[in-house]
Structures are given as structure tokens and as C-alpha cells.
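Undergrad: Quick check, what structure comes out for this input:
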Amino acid sequence: MNSNDPNHAPLRDVAKSPEATARYLADVQRVLLDIGRNLEALALETRVHCRDTHVSGDRWFDAWLRAQPVERALKDVLKHVEGVTKGLEKSAFKRRAHDEAVSNTAKKRKEKELEKQRKNAPPLQAAPQYPSQQGAPIRNSGYGGPTSIYDMGNRESA
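TA: Below you'll find the predicted structure:
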């Protein structure tokens, strides 16, 4: 691609693929971890130097007190670098999960629609047989009308 192209976006192709995104974020994470190791060494050397810097008339803890803000600032930077590296790893997983969710969406929607149709469809009922229409003989099973237990007729009780 030409860098003069107004549509030029160097990370567009990386953003389209979860694998490319994961590779890119892993490269950035490696660089940040290397920077973190260098910052740890710098923090240790700075701590040693600042705590050993004494001025005439200092008490034994004055150099330590002067070194604390510097040490704290470097410690905060290290904590933020660690947080960024963890965030890069998390975002690579989220990118892959997004792609999987997109690919499963059509299937889930189709399943939901089928389930909705199944719920909304009236249940199939057996067609009632009317003797006049079917020409079938009348079969009296004894369950035709409401009866009392005192009016059992020729039937026996359970």
C-alpha cells in the first residue's frame, strides 16, 4: 500500500483477523516485558544510588526519606507496565471470543426461531369422530356425561 493513500490504515488487516491480532499483541507484550525488566533493573540501581546519597548533617534516615518518592514513582511505572501487558493478553482472548460469538450468532438465531415456532404452534389434537359424519358405530364407553358416584347405573366403582 502507498503511504500517501488516504485509505491507508496499517493495522486494518491485523484487526480483521483474530490470529493476526493475537500475534501483534504478543509482539507488543514481549517488547513491554523487556522494557519492564529494564525498568526493574533501573529501579534497583536508582534505589541503591538514592539511598546512598548523603549530605553533610543528614540523620541516618534522611537519605531514605528523600529516596522514597523516586522509588514509589518507579514502582508505579512498573505496576502500570505489568497491567498493560496483562491487558494485552486479555484483549487477545476477547478478540477471539468476539469472532466465535459472531460465527455462532446465525446458528443461535435459527435455533431460537425454531424454538419460538415450536412454542407458538398449536398442539396437534386428534380429530373427534362424529358418528353421523364418519359412519362409525356409536361406541358408548360410559364416559359420555357427568355422573355422580351415587348414579353409577350398571357400572362398578373402582
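Undergrad: Please list all residues in contact with His51.
TA: Just to correct that, residue 51 is Arg rather than His. Arg51 sits next to Ala63, Trp64, Ala67 when contact means C-beta atoms under 8 Å, 6 or more residues apart in numbering. All C-beta spots, glycine's among them, are computed from the backbone N, C-alpha and C.
Undergrad: Check the gap between it and Arg30 for me.
TA: From Arg51 across to Arg30, the span is 32 Å (C-beta to C-beta, to the nearest Å).
Undergrad: How about stretch 86-99, which residues are buried there?
TA: Residues Leu88, Ala92, Arg95 are the ones in stretch 86-99 that count as buried (16 or more other C-beta atoms under 10 Å).
Undergrad: Just the mean pLDDT for that stretch, thanks.
TA: Averaged across stretch 86-99, pLDDT comes to 93.
Undergrad: distance between it and the chain's centre?
TA: Relative to the chain's own centre, stretch 86-99 is displaced by 9 Å; criterion: C-alpha atoms, centre = their mean, to the nearest Å.
Undergrad: Could I have the CA atoms of stretch 89-102 written out in PDB?
TA: The C-alpha coordinates for stretch 89-102 follow below in PDB (Å, rounded to 0.1, in the frame of the first residue of the first chain):
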ATOM      1  CA  GLU A  89      -3.200 -10.700  26.800                       C
ATOM      2  CA  LYS A  90      -6.800 -10.300  27.900                       C
ATOM      3  CA  SER A  91      -7.700  -8.300  24.800                       C
ATOM      4  CA  ALA A  92      -6.300 -11.000  22.500                       C
ATOM      5  CA  PHE A  93      -8.600 -13.500  24.200                       C
ATOM      6  CA  LYS A  94     -11.600 -11.100  23.900                       C
ATOM      7  CA  ARG A  95     -10.900 -10.600  20.200                       C
ATOM      8  CA  ARG A  96     -11.000 -14.400  19.600                       C
ATOM      9  CA  ALA A  97     -14.200 -14.700  21.700                       C
ATOM     10  CA  HIS A  98     -15.800 -11.900  19.600                       C
ATOM     11  CA  ASP A  99     -15.100 -13.800  16.400                       C
ATOM     12  CA  GLU A 100     -16.500 -17.000  17.800                       C
ATOM     13  CA  ALA A 101     -19.600 -15.200  19.000                       C
ATOM     14  CA  VAL A 102     -20.100 -13.600  15.600                       C
END
